[in-house]
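Participant: the following comprises the amino acid sequence and a computationally predicted model.
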Amino acid sequence: MARYGLGIAILLLSFSSAVRAQCMPGGLAVVVNKANPVESLSMAQLRKLILGDVRAWQDRKNVTLVARDPSTKVFQCALSSIVRLSPGDYHRYVMNAEFRGDDPMAIQTVDSDATAARYISGSAGGLAVVEANSLSVIGGSVKVLRIDGKTVGQPGYPL
Amino acid sequence: MFLTRVCGSFLAVALFGLGSAIAQEPVPPQPATPSEVIAQLRDQLRAQDAQLKELQADVAQLKAAQQPHPAEAPVAAAAGSAGAPAEATVAAAAPPDALPPPAAPAEMDSGGHNMAIPGGPIIKFRGFFDFNFGGGSIANPLVFRIVDDGCGTCGNPLTPPHTTFQAGEFDLFLTSKLSQHLSFLAEVVLGPDATNVFGPDIERYTLTYKANRYFSLGAGRFHTSIGYYNTAYHHGNWFSTAEGRPIMYLFEDSGGILPVHMVGISATGTVPNTEKLGLHWVGEVGNGLSSNPFAAESVQNFYSDRNAKATNFAGYIRPEWVPGLQIGGSWYHDDLEPSQAQNPLPIPEVTQNIESAYVVYFNSDWEFLNEAVLLSNHVNGTSEPFRSPMAYIQVARKFGIYKPYFRYQYVRDNVNDPVNLLKGTYYGPSAGLRIDFTEYAAFKLQFNHLYQSSQLAGNGLNAQVAFTF
């Protein structure tokens, strides 16, 4: 009986890890509008922005999260590395926050990192987590933030 | 680019239509001289130019409408170090114009359905429902309330066994943004009870003015900030991991003894300069529960049987260094006057105090809920209050779509307390499995074993499908 229980537990654990996206360290970048005065964020600050605990930048512009489709790897990796939630749990968290009485979060879904960059370049409070290797395509249309004082590719960069 | 295409198509169609319209106009008499022809063509060009400018203005308005609207009062907090080196921006490897065309971004937020009335605010609504199957005496105390038969110290009678399909709560949740700072929410629930009759309840309605993240003020009927569970989970069963609420947080009309709902005003916010600690505060003033616990409706929605109001103060922290951790507590105070109730009871004034403390932790895999509440009812003129401690722990671990959970709860209501409906001691484990078989629907299977003072222990098995729509 105990052997069966152990087998089921191993099966569940392996299933649990199988459904998670394989995220490469250093594979994500956080981008904002070039006019945004913020140059660097801590992981805690980034977490609060993604969870909607903070809804405005220091220049009083409202934060708009620009997100890829929940089925994409970049979206799943961003959530798991920043707020440690799956897309489904994050969606439920956002809904539950509204259910508790919070204002709805401003989240725009886009179909590519390039679209995210284009959107952010026209949105003063926009913030997106994109794939680091797409920065070469995005070009100078957005500003890439340092996270915990580290730039993309620097040792110790947390995303 | 999508917008440009749409606008371009719109312009083309409009110009084509304009051209067709012009072509279908009655043919004017032929001018006699070339100068008259030139003058006529010039007039037509001027008219078309004016119409083109109008269309361009319309396009500009459409583009402006596509920009995101501010969601709330802007108060800065997420500040990084401004003035960082220029290398923070990425050198342009390709000009912005070389970027692929963007698709029209779609709003994600929390989904829901919108209903816009021309010239008025937008109502956003979402629905929740659950359908259940229960067997055993402790199958679903939310529906089959644990009741006292008035025998005083003998404890409550054993709830009769029942095996039944149960309609849960049909919950309509509505929100509306009236202005940048003002919003309204309401939760309307239709649910049956042991009489099998569906009854409507406005469980929540709150008009909230949010000045900034440090202060917001709401008025209406809301869940009292006692402990964690009561404000984290409302009537949408889909949100909660387990099948039902802990006994200590049962709703008033299900036999609960805590003032779960309050009608009054509530203020809340964060404390400035405590970002790392994440310190939040809550202050509430309201009617409190009826002084007569046997009243048909214990939540005083309209009539208050006393002038003194209940007060509740709560605080909690969400420290930055442990994401997912929340620690908090609350203190509730009320003065019940049973002799002044609409159906008076021959009991002097009762001072009611409720203290709570909790520690909860969530991450992508684990869920820990630990709460304790002490309810004290002190009848004036007596030396000692009647104290009723209650607590529960809940642990859950997620494995993909599967989430097994365990809850152990303990409620000891003083049997001599004159204003507590639920009397006796209840404790025992619940174990269950939640399966999120789709993003918006979950199946829960839960087994309950409940020890009850002066009675045999009861068992119950619940199956529930809970979803949002």
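Facilitator: Structure's in. What do you need? Numbering: from 1, shown residues only, chains lettered A, B, ... in the order given.
Participant: quick one: the helices in the chain?
Facilitator: I'll assume chain A. For chain A, the helices defined by DSSP state H cover A:2-18, A:43-51, A:73-82, A:87-99, A:113-121, A:135-138.
Participant: please go with chain B instead
Facilitator: Under DSSP H, chain B gives helices at B:2-24, B:34-66, B:229-232.
Participant: near chain A at all, the last one?
Facilitator: It refers to helix B:229-232. Yes. Using C-beta under 8 Å from any C-beta of the partner chain, a contact is recorded between helix B:229-232 and chain A, made by B:231-232. Placement of C-beta: from N, CA and C, glycine included.
Participant: next, count neighbours for the residue in chain A positioned nearest to chain B.
Facilitator: Using C-beta to the nearest C-beta, residue A:39 is the residue of chain A that sits closest to chain B, at 2.8 Å. Residue A:39 has 20 neighbours, counted by other C-beta atoms under 10 Å in any protein chain shown.
Participant: okay but it is in contact with residue A:149, surely?
Facilitator: No. The criterion here is C-beta atoms under 8 Å, and residue A:39 misses it with residue A:149 at 10.1 Å.
Participant: only alpha carbons, please: show stretch B:332-350 as CSV.
Facilitator: Presented in CSV, the C-alpha positions along stretch B:332-350 are these (Å, rounded to 0.1, in the frame of the first residue of the first chain):
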residue,chain,number,x,y,z
TYR,B,332,-13.6,44.0,17.4
HIS,B,333,-15.7,45.7,20.1
ASP,B,334,-19.5,45.9,20.5
ASP,B,335,-22.1,46.5,23.2
LEU,B,336,-25.2,44.3,22.8
GLU,B,337,-28.4,45.3,24.5
PRO,B,338,-30.6,42.2,24.4
SER,B,339,-33.3,43.9,26.4
GLN,B,340,-33.6,46.6,23.8
ALA,B,341,-33.9,44.3,20.8
GLN,B,342,-37.0,44.2,18.7
ASN,B,343,-37.7,40.9,20.3
PRO,B,344,-36.3,41.6,23.8
LEU,B,345,-34.4,39.1,25.8
PRO,B,346,-34.2,39.4,29.6
ILE,B,347,-30.5,39.8,29.6
PRO,B,348,-28.5,42.9,30.6
GLU,B,349,-26.0,44.6,28.4
VAL,B,350,-23.4,42.4,26.9
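Participant: give me the residues contacting it.
Facilitator: B:224, B:226, B:259, B:288-292, B:294-295, B:303, B:305-306, B:308-312, B:351-356, B:377-381, B:418-419 (C-beta atoms under 8 Å, 6 or more residues apart in numbering or on different chains).
Participant: quick check: buried residues in it?
Facilitator: Residues B:332-338, B:341, B:345, B:347, B:349-350 are the ones in stretch B:332-350 that count as buried (16 or more other C-beta atoms under 10 Å in any protein chain shown).
Participant: now swap in stretch B:189-201 and tell me
Facilitator: Buried, per 16+ other C-beta under 10 Å, within stretch B:189-201: B:189, B:191, B:201.
Participant: quick one: low-confidence parts of chain A?
Facilitator: Counting by pLDDT under 70, chain A contains low-confidence ranges at A:1-21, A:139.
Participant: dump the buried residues of stretch B:189-201 into a markdown table; add pLDDT and distance to chain A as well.
Facilitator: Shown next, in a markdown table, are the buried residues of stretch B:189-201 (pLDDT from 0 to 100; distance: C-beta to the nearest C-beta, whole Å):
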| residue | pLDDT | distance to chain A |
| --- | --- | --- |
| B:189 | 94 | 13 |
| B:191 | 89 | 17 |
| B:201 | 92 | 17 |
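Participant: out of those, who's nearest residue A:113?
Facilitator: Nearest to residue A:113 among those: residue B:189, at 42.8 Å, using C-beta to C-beta.
Participant: touching, that closest one and residue B:198? I think so.
Facilitator: No. Look at residue B:189 against residue B:198 with C-beta under 8 Å: they stay out of range, at 10.1 Å.
Participant: circling back to that earlier point, can you flag which of the buried residues of stretch B:189-201 belong to strands?
Facilitator: Of the buried residues of stretch B:189-201, the ones assigned to strands by DSSP state E are B:189, B:191, B:201.
Participant: mind giving me CSV with those and columns for distance to residue B:181?
Facilitator: Formatted as CSV, these follow (distance: C-beta to C-beta, whole Å):
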residue, distance to residue B:181
B:189, 28
B:191, 33
B:201, 29
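Participant: find the nearest non-adjacent residue to the spatially most central residue of chain A, please.
Facilitator: When chain A is reduced to its mean C-alpha position, the nearest residue by C-alpha atoms, centre = their mean turns out to be residue A:78, at 3.7 Å. Leaving aside its sequence neighbours, residue A:78 sits nearest to residue A:129 (C-beta to C-beta, 6 or more residues apart in numbering or on different chains; 3.9 Å).
Participant: can you pull the contacts of residue 130?
Facilitator: I went with chain A, as the question did not name one. Per C-beta under 8 Å, 6+ apart, neighbours of residue A:130: A:28-31, A:68, A:74, A:113, A:116-117, A:138.
Participant: nope, chain B
Facilitator: Residue B:130 touches B:168-169, B:237-238, B:464-467, counting by C-beta under 8 Å, 6+ apart.
Participant: by neighbour count, which of the residues you listed wins?
Facilitator: Going by other C-beta under 10 Å, residue B:237 tops the contacts of residue B:130 with 26 neighbours.
Participant: any stretches of the stretch 351-469 of chain B with poor pLDDT?
Facilitator: Looking at the stretch 351-469 of chain B by pLDDT under 70, you get B:454-456.
Participant: for chain A, what's its nearest residue on it.
Facilitator: For the stretch 351-469 of chain B, C-beta to the nearest C-beta, closest residue to chain A: residue B:399, 3.9 Å.
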